[in-house]
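Colleague: Give the three-dimensional model of this entry:
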Amino acid sequence: MSVNLSAIDLNLFLVLHAVLEERSATRAAARLHVTQSAVSNALARLRQLLGDPLVVRSGRGLVPTPRAEQLAPLLREATDRLAQAVDRRGFVAAESTRTFTIALADSHQACDVPRIARAFATRLPRAALRVVSADYLAASDGLTTGDVDVAFAPQQAVQPGMRSSRLFEERAALVVRSGHPLVRRRMTREQFNALPHVDVHVVLGRPGTGHRVAQRGWEKAQVRRRVVVTVPYFMTAAMVAAETDCVAGLPDRLAAVCVRLLPLKRVDAAFPLPRLTTVMVWHERTEADPGARLFRQLVSETVTS
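Modeller: Take a look at the predicted model:
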């Protein structure tokens, strides 16, 4: 059944968009430069039109209903496209107050986010940088919904509908505590197999694409891990290794950071270690967006320089 859009006040959806982002009628009214009663009236009309409560009060804020959560990414995309259509100047980096969101594992947060934040402050001085975890990305499907602009991911994780560009290749590094009684400068296959290991499940407590790539690398090297501790973060794995006799396999760039900060030493291996190529991923619908394009360029230039 077709809908007669000319019979609907589309401003009502702009109000709903503001309410869903602010989670408050008061803040939405201030953002739209209208009274709170005007916001309440608009919501009442939309509730009648859509046959759904849309938002319900919870504590001091408003919580969206499932129908409103379904509408949220559509409203965000529509308002962004309308803003682009009427802005004749295009995207002005120095004036933008937009929030840009990047999703990465904690290893990349430690190694790359400080430099990205420094470059971001220079190129986009009025904008906001938001960093979220790989867990958040998976749970929210953030690239598809538009909640996340770009993500760092293994090359093998790129899905249909996504675009990507290569950032860097990392090799696994083995770290153990500085005073480890059994490990000197080089680890044999026999030592690797016999020692306890810390494993890392970055995404929702389960082995993800990067984990599977690394596992194939261990198998190819004809070694096996006796995992006794599983954690969600690489930094936690490093800290466990610093306090136990466990071996932690870390991305080599993070390992370089950890041996400076923790009582750890990096040891060579008598066998090849897994390698993984990291790419920057974004949804194809943001391919032509000038703001998103500048953000991607900033991130890429920063981490590859």
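Colleague: Can you list the low-confidence ranges for the stretch 1-150 of the chain?
Modeller: Flagging of the stretch 1-150 of the chain using pLDDT under 70 yields the residue ranges 1-7, 83-90.
Colleague: can you give me the strands for it?
Modeller: Residue ranges of the strands in the stretch 1-150 of the chain, as given by DSSP state E, counting those that start in this stretch, are 55-58, 61-64, 99-103, 128-132, 150-154.
Colleague: Tell me the strands beside the second one, with direction?
Modeller: In other words, strand 61-64. strand 55-58 (antiparallel) (DSSP bridges).
Colleague: Return the set of buried residues in the partner strand.
Modeller: By neighbour count with 16 or more other CB atoms under 10 Å, strand 55-58 contains the buried residues Val55. The way it works is simple: take the backbone N, C-alpha and C, and place the C-beta from them, glycine included.
Colleague: what sits up against that strand?
Modeller: Val19, Leu20, Leu43, Leu62, Val63, Pro64, Thr65, Ala68 (CB atoms under 8 Å, 6 or more residues apart in numbering).
Colleague: repeat that with 7 Å
Modeller: For strand 55-58, contacts defined as CB atoms under 7 Å, 6 or more residues apart in numbering pick out Val19, Leu43, Leu62, Val63, Pro64, Thr65, Ala68.
Colleague: roughly how far apart are the residue nearest the centre of the chain and Leu50?
Modeller: When the chain is reduced to its mean C-alpha position, the closest residue under CA atoms, centre = their mean turns out to be Ala103, at 1.3 Å. For Ala103, the distance to Leu50 (CB to CB, to the nearest Å) stands at 31 Å.
Colleague: Equivalent analysis for Gly179, please.
Modeller: Distance from Gly179 to Leu50, by CB to CB: 65 Å.
Colleague: ditto for Cys111
Modeller: 46 Å.
Colleague: Between those two, tell me which one has more neighbours.
Modeller: A count of neighbours by other CB atoms under 10 Å puts Cys111 above the other of Cys111 and Leu50, at 19 against 15.
Colleague: ok, now which ones touch that one?
Modeller: Arg253, Leu254, Val257.
Colleague: any idea how far Arg47 is from it?
Modeller: In terms of CB to CB, Cys111 sits 47 Å off from Arg47.
Colleague: ditto for Ala292
Modeller: For Ala292 relative to Arg47 (CB to CB), the value is 33 Å.
Colleague: more neighbours, these two?
Modeller: Ala292 (21 against 15).
Colleague: In the stretch 151-300 of the chain, where is pLDDT below threshold?
Modeller: Looking at the stretch 151-300 of the chain by pLDDT under 70, you get an empty list.
Colleague: Tell me the buried residues in the lengthiest helix in the chain?
Modeller: Assignment by DSSP state H gives helix 66-86 as the longest helix of the chain. Across helix 66-86, burial judged by 16+ other CB under 10 Å covers Ala68, Leu71, Ala72, Pro73, Leu75, Arg76, Asp80.
Colleague: Go through the residues you listed and name the one nearest Pro160.
Modeller: Taking CB to CB as the measure, Pro160 sits nearest to Pro73 out of those, at 18.2 Å.
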